[in-house]
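> structure of the sequence below:
(one chain, ligands or ions: 1)
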Amino acid sequence: MGIVQQIMHILDFPGFPWKTVIAGFSIGKYVWDLYLQRRQAPYLLKDNPPSVLAEHVDEKKYQKALAYARDKTFLSTITSTFALVIDLLLIKFNGLSYLWSLTKFPWMDHLAASASKFSLSVAISHSCVFLFAVTVFSSLIQLPFSLYSTFGIEEKYGFNKSTLKIFFMDLFKELTIGGALMSFLVSMFVKITMKFGDNFVLYAWGAYILFGLVLQSIAPSLIMPLFYKFTPLEQGSLRSKIEDLAVSIKFPLKNLYVIDASRRSAHSNAFFYGLPWNKGIVLFDTLVKNHTEEELLAILGHELGHWYLSHNMIHTLVDYSMSLAQLFMFAAFLRNNSLYEAFDFTKEKPVIIGLLLFSDALGPMSSLLTYGSNKISRFCEYQADAFAKKLGLAKDLGDGLIRIHNDNLSPLEYDPLYTSYHHSHPILTDRLAAINYMDLKKNE
Ligand SMILES: [Zn+2]
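Okay, here's the model as predicted:
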């Protein structure tokens, strides 16, 4: 902690160009993303699929996948350009400070003035109202783009199954649930920082871990059912094969659900959720519909590999240590007067503003963290594939992965730097090579 505080002390002099630094980070990130897209562009203009996959991929579908990727890239460029402009305007014209005073209602001042015991609750409620306003503001700004993404691009390629009604209901649910969870988290955080002063780091970290555990345990039963209908997978040969697989590797399979993802989108997926005492597997109905039982079983073999090899634990430990490191840095940041002053917070120094500015100032580091966590994730994916291979499911897994790629219209080739920065999963050809799929196919 000493070093971080020393650095912060050096950076904390009146007139330190914080605005320029943070705007520079935003522009830098934007340019970096453009550069990666530029590198990826030639791969989206190829005439033929990679030769190893030639016989597995339909020519027309291949071209459609590339067109889909080009459309998505175009939209993401427009969206990020717009976001950058808004971001720079907010920095230039002190948007945060303006919104902070806009969300301060007169009753807050009265209450705070009436007795000092109310100062904490006023700080908490003001922070919650403010953050909620920020969330609504950014959803409104993104709204035209997400509408176009769903009803323009996804529709064009046959993926969209949602209606305007479902779309807006989802948005409403996300804002209310997100708002409630965020208010809770913010209240806790503001309270801890104000109560424990310089020693808040470990308390805040403990609260973060606790909050995460609670969220993970209520999400499958309370939150996700608000968006999807969970139906237990029906009895039959698929279910009994999955149960046999679970028994063979001693996986305590209690919950096996299919969700009605097809109400919104034709994209397919499967995932595995829960804490050690409450685990489950969720299959998208689109996945169940489009794949053979053998392929589904192999995909589940992969998912169970993540469990068997404790990958969840690895991700959780990485997350916990990162958040602890960030809290230590934030603690030093919180006392930085020049930062607050640069953004027009001269009288008040709200914790929540410090947190927002801190995450902006951390921009380049979070990019590095994303890169690092994707690298770990890809390593885990290879391991889970190898696990499925050990179960004798390699050929079916390969078939399943190819089908998922075809059905989701995913491009097959990527620029190495682009994929290592953006992707949590290795590219298809690498995964197939790692499980010797082509040889297995030849010997079939
Ligand atoms: Zn996986």
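> tell me the buried residues in the strand or helix carrying residue 213?
Residue 213 is located in helix 200-218, with elements delineated by DSSP states H and E. Under the neighbour-count criterion of 16 or more other Cβ atoms under 10 Å, helix 200-218 has 200, 201, 203, 204, 205, 207, 208 buried. To be clear about C-beta, it is placed using only N, CA and C from the backbone, and glycine gets the same treatment.
> same check on stretch 359-374?
360, 361, 362, 363, 367, 374.
> check those residues against the ion, which are close?
By Cβ under 5 Å from the ion, no member of those lies near the ion.
> and which of the residues you listed is nearest the ion?
residue 374 (12.8 Å; Cβ to the ion).
> circling back to that earlier point, pipe the buried residues of stretch 359-374 into JSON lines and attach pLDDT and secondary structure per row.
Formatted as JSON lines, the buried residues of stretch 359-374 follow (pLDDT from 0 to 100; DSSP: H, G, I helix; E, B strand; the rest coil):
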{"residue": "360", "pLDDT": "86", "secondary structure": "helix"}
{"residue": "361", "pLDDT": "84", "secondary structure": "helix"}
{"residue": "362", "pLDDT": "83", "secondary structure": "coil"}
{"residue": "363", "pLDDT": "81", "secondary structure": "helix"}
{"residue": "367", "pLDDT": "86", "secondary structure": "helix"}
{"residue": "374", "pLDDT": "93", "secondary structure": "helix"}
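> turn these into a markdown table, including distance to residue 266.
Listed next are the buried residues of stretch 359-374 as a markdown table, based on distance: Cβ to Cβ, whole Å:
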| residue | distance to residue 266 |
| --- | --- |
| 360 | 37 |
| 361 | 41 |
| 362 | 37 |
| 363 | 35 |
| 367 | 32 |
| 374 | 26 |
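> out of those residues, which is nearest to residue 111?
For the buried residues of stretch 359-374, the residue nearest residue 111 by Cβ to Cβ is residue 360; the value is 30.6 Å.
> pretty sure the closest one is touching residue 21, no?
No: taking contacts as Cβ atoms under 8 Å, residue 360 lies outside contact range of residue 21: 9.3 Å.
> which stretches of the stretch 201-350 of the chain form strands?
230-232, 255-259, 270-275, 278-284 (DSSP state E, counting those that start in this stretch).
> buried ones in stretch 9-22?
Buried residues in stretch 9-22 (16+ other Cβ under 10 Å): 11, 12, 16, 18, 19, 22.
> what's the distance between the third one and residue 340?
Using Cβ to Cβ, to the nearest Å, one obtains 11 Å as the distance from residue 16 to residue 340.
> tell me the contacts of the nearest residue to residue 300 once chain neighbours are set aside?
Leaving aside its sequence neighbours, residue 300 sits nearest to residue 242 (Cβ to Cβ, 6 or more residues apart in numbering; 5.9 Å). Residue 242 is in contact with 233, 253, 256, 281, 296, 297, 300, counting by Cβ atoms under 8 Å, 6 or more residues apart in numbering.
> repeat for residue 79
Contacts of residue 79 by Cβ under 8 Å, 6+ apart are 142, 145.
> pLDDT at it, what is it?
In this model, residue 79 is scored at 95, pLDDT.
> then residue 25?
So residue 25 comes in at 92 (pLDDT).
> got it, and residue 214?
pLDDT for residue 214: 87.
> where in this protein is pLDDT low?
For the chain, the stretches with pLDDT under 70 are 1-5, 7-8, 11, 112, 115-117, 274, 276-277.
> and it, which residues reach the ion?
381, 384.
> now the farthest one out in this structure, which residue is it?
residue 114 (42.9 Å; Cα atoms, centre = their mean).
> need the residues that contact the helix holding residue 213.
181, 184-185, 188-189, 192-193, 196, 273-275, 278, 319-320, 323-324, 327-328, 331.
> Provide a PyMOL selection command restricted to the buried entries of the residues you listed.
Remark: buried members of the contacts of helix 200-218, expressed as a PyMOL selection using 16+ other Cβ under 10 Å:
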select buried, resi 185+188+189+192+193+273+274+323+324+327+328+331
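> just the ones in helices from the contacts of helix 200-218, please.
Using DSSP state H, the subset of the contacts of helix 200-218 located in helices is 181, 184-185, 188-189, 192-193, 196, 319-320, 323-324, 327-328, 331.
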